[in-house]
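**Student:** pasted the sequence and its predicted model underneath.
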Amino acid sequence: MGVRLIIMGPPGVGKGTQGEFLAERFGVPRLSTGDMIRAALKAGTALGERVRDYYEAGELVPDEVVLGLVAEAIDGSEASGGFVLDGFPRTVPQADGLGELLTARGIGLDAVLSLEAPEEELVDRISGRRVCGACGLVTHVRAVGEAAACPACVATLVQRSDDRAETVRNRLAVYGAQTEPLLAYYARSETGLTAVDGTGTLEAVRDRLFETLRTAEMAG
Ligand code: ADP
Ligand code: ZN
């Protein structure tokens with residue numbers, strides 16, 4: 001059984017949250033290259049040091065680095081029943097690399113989901129995003145106010161280092177230049193591309209995603 005999904009979309013569209021809903025629903029892990037990179041930065045590993053400057057500038061880290069991380073994650077026992085890929089692939093070489101990796105393992109993708117929202121909403125969501133360094137909770141100043149304590153564990157909420165306004169603009173530009181071409185890439189692929197409206201409440205988007213997948217399954 002299991003399900004193998006990619007959730008794509010611009011920075012701030014909610015891939016992480018929705019990817020987590022999908023992962024829970026299907027009982028598979030969410031494999032987020034952004035989370036893997038942040039873990040390496042926090043732990044100060046050699047890989048973390050190698051990618052720090054790219055990350056802080058909102059640039060993509062080198063393809064071979066993320067491909068290595070993803071290969072390892074897909075081969076992990078947790079992912080034997082499937083996975084939700086979040087934040088990967090982000091370039092055509094990464095998508096080609098993923099294709100080869102899957103083919104070599106005799107597995108394929110069930111769906112490639114593209115979450116969409118207008119750019120002004122993305123900027124607002126990212127610039128207001130706050131994360132808890134202790135428990136990993138992700139929230140928004142709209143929900144908790146400025147300079148708040150984490151509602152889950154009372155540690156201090158902080159802004160992700162790449163969520164500063166200067167970096168956000170670069171991340172959106174990088175997305176347009178390097179990742180957006182993948183939408184056409186997957187639309188042409190055997191799996192196809194399924195676009196889903198990413199506006200509205202978390203629950204509304206979640207239900208839209210579930211419904212889209214349910215309908216797709218029924219159709220084929
Ligand atoms: P967002 O989707 O909101 O930009 P992510 O956590 O997915 O957040 O990514 C944050 C940063 O991590 C990116 O700007 C980039 O530096 C790095 N990164 C994450 N995934 C990849 C990837 N697949 N290829 C290259 N860089 C990546
Ligand atoms: Zn917390």
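**Tutor:** Yep, it's here. Ligands and ions are numbered 1, 2, ... in the order given.
**Student:** now the helices for this protein?
**Tutor:** With DSSP state H as the criterion, the chain has helices at 15-26, 33-43, 46-57, 63-75, 92-104, 119-127, 141-144, 165-174, 181-187, 202-219.
**Student:** who does the second one touch, helix- and strand-wise?
**Tutor:** Spelled out, it's helix 33-43. helix 46-57, helix 63-75, strand 82-86 (3 or more Cβ pairs under 8 Å, 6 or more residues apart in numbering; DSSP states H and E). Every residue, glycine included, has its C-beta placed from N, CA and C.
**Student:** are the first one and ligand 1 in contact anywhere?
**Tutor:** Yes: between helix 46-57 and ligand 1, judged by Cβ under 6 Å from any ligand atom, the touching residues are Tyr54, Tyr55.
**Student:** OK, contacts around the residue in the chain that ligand 1 sits nearest to?
**Tutor:** Nearest residue of the chain to ligand 1 (Cβ to the nearest ligand atom) works out as Gly34 at 1.9 Å. Counting by Cβ atoms under 8 Å, 6 or more residues apart in numbering, Gly34 touches Gly16, Asp86, Gly87.
**Student:** identify the bridge partners of the second one.
**Tutor:** Pointing back at Asp86 there. Ile7, Ser32 (DSSP bridges).
**Student:** for the chain, which residues are neighbours of ligand 1?
**Tutor:** 11-12, 15, 33-34, 37, 54-55, 58-61, 66, 87-88, 90, 94, 162, 171.
**Student:** ranking the helices of the chain by burial, who's on top?
**Tutor:** Mean neighbour count (mean count of other Cβ atoms under 10 Å) peaks for helix 15-26 among the helices of the chain, with a mean of 19.
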